[in-house]
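Engineer: let me see the structure of the following:
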Amino acid sequence: MNRSIQNNIKTIYLLGFFQSFMVVIPVFVPLLQGYGLSMSQVLQTQALFALTIALCEVPSGYLADLWGRRRAILVGSALNGIGFLSLLWADSFVDFLVYEFILGVGFSLISGADLALLYDTEVYLAEEELPGGAGAGKSLSRLISVEAAASGIAGITASLLLLSSMDAVVYLQALTGLAPAVLALWLVEVPRPAVVEGHRGNARRIVELLLFGKPVVLWTAAAIAVFGLLAVYIFWIYPKYWEQQGIPVAMYGYIWAAFALIVSIAARYASTLEQRIGTRPLLALIGVLPLIGMAGMLFGSGWGGVVFGFAVQAARGLSMSLFYEGLNSRVPGDFRATLNSLVSLAVRGVFIVTGPLLGLALDNYGVNSTLLLLLVVFTPLVALVLVPLVMRIRREIDAEKPELAPAAF
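Structural biologist: Below you'll find the predicted structure:
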């Protein structure tokens, strides 16, 4: 049994790889536009995806805490496989709505459960003094890095497949989308104390933990939500921006691969960078990079503007690694999946309303005006979440370990 639990780590890495190996993503906008969908309709499909996750995210995370992380991941992976298979016959707005709905349910079951199981596995191995673990923080960073690398490889693969046809991209996505369901069968649930308070008592504990527990937890969750929302917006702006800059569609996959590589490297070495320069300078860097990236895209042209997207992606990798480690290290294992799901819900909930509006802005006002709007909105938002977070981290360190310098989140 112990050996199987040790294998959880590698299995979750592989799961993360195939879940992120989505060759359809770099060409999703051109794919849907090829069927006559406008950018507004494209973003409406994403709003439905966000709405589905918003309705299922927290219940599924709570279910993973009570029912078991393995079962939640297994069912979610199976649904995702069905969703990707549905792409084989999707050719209308309604068909793509169905596709997004199925994926929304599937990803909501996996979201939070995979991170929680990885973290639980590392904690268990450390407590039992068993080999095979790299430490919870390093494992989370590696998972983010693996997922980003998979996204990059998918981008290159998509561009190569486009030399044949767009259908080749869809066929490969349908095939590889089944891999996580097979891998999930090899996962083993980590022994945890049973939760016996009842649903009302559990809900009270979750709210108390988030709102009245360690202040760093609340502000870290807020930071994840803000930076996650910004990343989603920029993600859907990229294809239209590249089109405006005259970049051929065949290059989209290669650009996305380069972007994913930056995310992977940034996530992989985020903890190392934090140890060298300290938490506060790293948080400042995370806050400044996406703003510089959006400004560069706004005022740049051609490939020069595209290059500024690397700054946004670097901030994405650093923030995911730093914030999720900071959150999960302060959350008890009983409700780790639920808290991770709550954070994702915050992003999805806002996107439900604003996603279609982003599409309308792109259709009616263009990429530059939309980028300028995001820059104006997110500059104060970034400061609003990072300044209190830095203050809470400083107070936490002073209260618990006053002899230490503020170099560890």
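
Engineer: for the rest of this, base every contact and every neighbour count on C-alpha atoms.
Structural biologist: Noted.

Engineer: just for the stretch 301-409 of the chain, where's the confidence low?
Structural biologist: Residue ranges of the stretch 301-409 of the chain with pLDDT under 70: 328-346, 396-409.

Engineer: 90 instead?
Structural biologist: For the stretch 301-409 of the chain, the stretches flagged by pLDDT under 90 are 301-307, 309, 315-370, 373, 377, 381, 383-409.

Engineer: show me where it has helices.
Structural biologist: 302-307, 309-328, 336-400 (DSSP state H, counting those that start in this stretch).

Engineer: tell me what the last one is packed against?
Structural biologist: Judged by 3 or more Cα pairs under 8 Å, 6 or more residues apart in numbering; DSSP states H and E, the packing partners of helix 336-400 are helix 39-67, helix 113-127, helix 215-244, helix 279-299.

Engineer: so for the first one, mean pLDDT?
Structural biologist: Pointing back at helix 39-67 there. What helix 39-67 shows for mean pLDDT is 74.

Engineer: same check, this time on the shortest one
Structural biologist: Taken as a whole, helix 113-127 has an average pLDDT of 78.

Engineer: after it, next one along is what?
Structural biologist: Sequence-wise, the next helix or strand downstream of helix 113-127 (DSSP states H and E) is helix 136-162.

Engineer: now for that next one, which elements pack on it?
Structural biologist: Using 3+ Cα pairs under 8 Å, 6+ apart, helix 136-162 is in contact with helix 2-20, helix 113-127, helix 166-176, helix 252-268, helix 309-328.

Engineer: for Ala225, which of those helices is the nearest?
Structural biologist: Closest of the helices and strands packed on helix 136-162 to Ala225 is helix 309-328, at 10.2 Å (criterion: Cα to Cα).

Engineer: pick the most buried one from the helices of the stretch 301-409 of the chain.
Structural biologist: helix 309-328 (a mean of 24; mean count of other Cα atoms under 10 Å).

Engineer: for it, packing partners?
Structural biologist: On a contact count with 3+ Cα pairs under 8 Å, 6+ apart, helix 309-328 meets helix 136-162, helix 215-244, helix 252-268, helix 270-277, helix 279-299.

Engineer: go again using 10 Å as the cut-off
Structural biologist: Counting contacts by 3 or more Cα pairs under 10 Å, 6 or more residues apart in numbering; DSSP states H and E, helix 309-328 packs against helix 113-127, helix 136-162, helix 215-244, helix 252-268, helix 270-277, helix 279-299, helix 336-400.

Engineer: distance to Ile102 for the helices and strands packed on helix 336-400 - can I get that in TSV?
Structural biologist: Converted to TSV, the helices and strands packed on helix 336-400 look like this (distance: least, Cα to Cα, whole Å):
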stretch	distance to Ile102
helix 39-67	8
helix 113-127	18
helix 215-244	19
helix 279-299	32
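
Engineer: with mean neighbour count as added columns, please give those in JSON lines.
Structural biologist: Compiled in JSON lines, those are given as follows (neighbours: other Cα atoms under 10 Å):
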{"stretch": "helix 39-67", "mean neighbour count": "23"}
{"stretch": "helix 113-127", "mean neighbour count": "22"}
{"stretch": "helix 215-244", "mean neighbour count": "20"}
{"stretch": "helix 279-299", "mean neighbour count": "20"}
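
Engineer: among the ones you listed, which comes closest to Leu14?
Structural biologist: Comparing the helices and strands packed on helix 336-400 by Cα to Cα, helix 113-127 comes nearest, at 11.4 Å.

Engineer: can you spell out which helices and strands pack onto that closest one?
Structural biologist: For helix 113-127, the packing partners by 3+ Cα pairs under 10 Å, 6+ apart come out as helix 2-20, helix 39-67, helix 69-86, helix 136-162, helix 309-328, helix 336-400.

Engineer: sorry, back to before: and the helices of the stretch 301-409 of the chain as CSV, adding distance to Glu122?
Structural biologist: CSV is the format used below for the helices of the stretch 301-409 of the chain (distance: least, Cα to Cα, whole Å):
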stretch, distance to Glu122
helix 302-307, 37
helix 309-328, 12
helix 336-400, 13
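
Engineer: among these, which is nearest Pro30?
Structural biologist: Judging these by Cα to Cα, what sits closest to Pro30 is helix 336-400, at 14.3 Å.

Engineer: how far does the closest one sit from the chain's center?
Structural biologist: Offset of helix 336-400 from its chain centre (Cα atoms, centre = their mean, to the nearest Å): 13 Å.

Engineer: likewise for stretch 312-320?
Structural biologist: Put simply, stretch 312-320 sits 11 Å off its chain's centre (Cα atoms, centre = their mean).

Engineer: then stretch 36-54?
Structural biologist: The answer for stretch 36-54 is 17 Å, by Cα atoms, centre = their mean.

Engineer: mind putting the helices and strands packed on helix 113-127 into CSV with distance to Ser92?
Structural biologist: Conversion of the helices and strands packed on helix 113-127 to CSV gives the following (distance: least, Cα to Cα, whole Å):
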stretch, distance to Ser92
helix 2-20, 24
helix 39-67, 11
helix 69-86, 12
helix 136-162, 21
helix 309-328, 31
helix 336-400, 18
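
Engineer: between these, which one is nearest to Leu261?
Structural biologist: Nearest to Leu261 among those is helix 136-162 (5.7 Å), distances taken as Cα to Cα.

Engineer: quick one: the closest one to helix 270-277, angle?
Structural biologist: Here helix 136-162 points in a direction 120 degrees away from that of helix 270-277 (axes from the mean of the first three to the mean of the last three Cα atoms, to 10 degrees).

Engineer: and helix 136-162, how far out from the chain's middle?
Structural biologist: 12 Å.

Engineer: cool, thanks, talk later.
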